[in-house]
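Peer 1: could you look at this predicted model? Sequence included:
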Amino acid sequence: MRANPEALLVEDDSRTLEELRLHFARKRFYPLAARSATRALSMLENNSEASRPVLAVVDWDLRHSPEAHAGRTSVAVLERLSRDFGECLVIVYSQNIDTFGVRSDIYRAHPRAWLHDKRDGLHSLIVRIDRMLDQQVGDLRVHDGTAVVHMPTQAEHHHREAVRLVVHHPEIVTFHSDTATKAVRRFGDWLEHRGSAVRLVSLGNRKYRLQTPQPAAGVVADA
């Protein structure tokens, strides 16, 4: 069963937003692209009980947004992501990311956000995104952000919840629907059938994480 992950993209410049959208589409994501905070919040509301974004990329300033003078800012989007989408990785980028006031405001809205300097250019942001998504955990790796590959067999598992677990390792991920938890359990069965060294661990209340083998006693893991 395939279910491509979603990415929320909030950027007020239409050209930049389209470049980001195309990049995620090429990686087989389903991009949720918005030029305003209101549009982004509407997308989150419409998807809150079904599919939920694996990653959000948010432009902090939104000064050229169609509603720039209406009082709706990226703060509202970040607060919603922090409150209701804790399993979503969030990158916030701004030309003023190194100023104390901006960092403080971002972390008040979303304490777990990753920060990126917009002055480094769009290519730098895309490289950062790809590094965050293309993770390796034990004998698993994420390919192009959308498929979990069991490297010994080259078998692929295509589901956004599997990707979410790998990119969040070693953290615990809380899932928010029976559909999502069923997909997670199918991924756990897939790991067992492939003989993966990585195990799916259930912690109850729809909380799961991936567990990798512990180093043998007396063996020091590489730093």
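Peer 2: Cool, the structure landed. From a predicted model like this one, the values you see are computed outputs, not experimental measurements.
Peer 1: tell me the bridge partners for the most centrally placed residue in the chain.
Peer 2: By C-alpha atoms, centre = their mean, the mean C-alpha position of the chain lies nearest to Leu55, the distance being 2.6 Å. Note on Leu55: beta-bridge partners by DSSP bridges are Ala7, Leu89.
Peer 1: mind checking how far it is from Lys27?
Peer 2: To Lys27, Leu55 is 10 Å away according to C-beta to C-beta, to the nearest Å. C-beta here means a position set from N, CA and C on the backbone, and glycine is covered the same way.
Peer 1: okay, and the common contacts of these two?
Peer 2: Common contacts of Leu55 and Lys27, defined by C-beta atoms under 8 Å, 6 or more residues apart in numbering, comprise Leu133.
Peer 1: okay, now the unreliable bits of the protein?
Peer 2: Across the chain, the ranges flagged by pLDDT under 70 are 1-3, 47-51, 68-72, 215-223.
Peer 1: 50 instead?
Peer 2: 219, 221-223 (pLDDT under 50).
Peer 1: hey, which helix is longest across it?
Peer 2: Counting by DSSP state H, the longest helix found in the chain is helix 178-193.
Peer 1: what packs against it?
Peer 2: In this structure, helix 178-193 makes packing contacts with strand 155-157, helix 160-168, strand 199-204, judged by 3 or more C-beta pairs under 8 Å, 6 or more residues apart in numbering; DSSP states H and E.
Peer 1: buried stuff in that helix?
Peer 2: Ala180, Thr181, Ala183, Val184, Arg186, Phe187, Gly188, Trp190, Leu191 (16 or more other C-beta atoms under 10 Å).
Peer 1: what lies in contact with stretch 37-47?
Peer 2: With C-beta under 8 Å, 6+ apart as the criterion, stretch 37-47 contacts 6, 8, 10, 32, 34, 53, 58, 62, 65, 67, 70, 72-74, 76-77, 80-81, 84-85.
Peer 1: any of those buried? List them.
Peer 2: 6, 8, 10, 32, 34, 53, 58, 62, 65, 72-74, 77, 80-81, 85.
Peer 1: quick check: the residue nearest to the centre of the chain touching Glu87?
Peer 2: No - in this structure, Leu55 is not within contact of Glu87 by C-beta atoms under 8 Å, at 10.6 Å.
Peer 1: so Lys27 touches Gly145, yeah?
Peer 2: Yes - using C-beta under 8 Å, Lys27 is in contact with Gly145, at 4.5 Å.
Peer 1: the more surrounded of those two?
Peer 2: Gly145 (25 against 19; other C-beta atoms under 10 Å).
Peer 1: do you know how far the closest residue to the more buried one other than its chain neighbours is from Gly204?
Peer 2: Sequence neighbours aside, Leu133 is the residue nearest to Gly145 in space, at 4.0 Å (criterion: C-beta to C-beta, 6 or more residues apart in numbering). Distance of Leu133 to Gly204, computed by C-beta to C-beta: 28 Å.
Peer 1: between those two, which one's more packed in?
Peer 2: Neighbours per residue (other C-beta under 10 Å) separate Leu133 from Gly204, with Leu133 holding more: 23 against 6.
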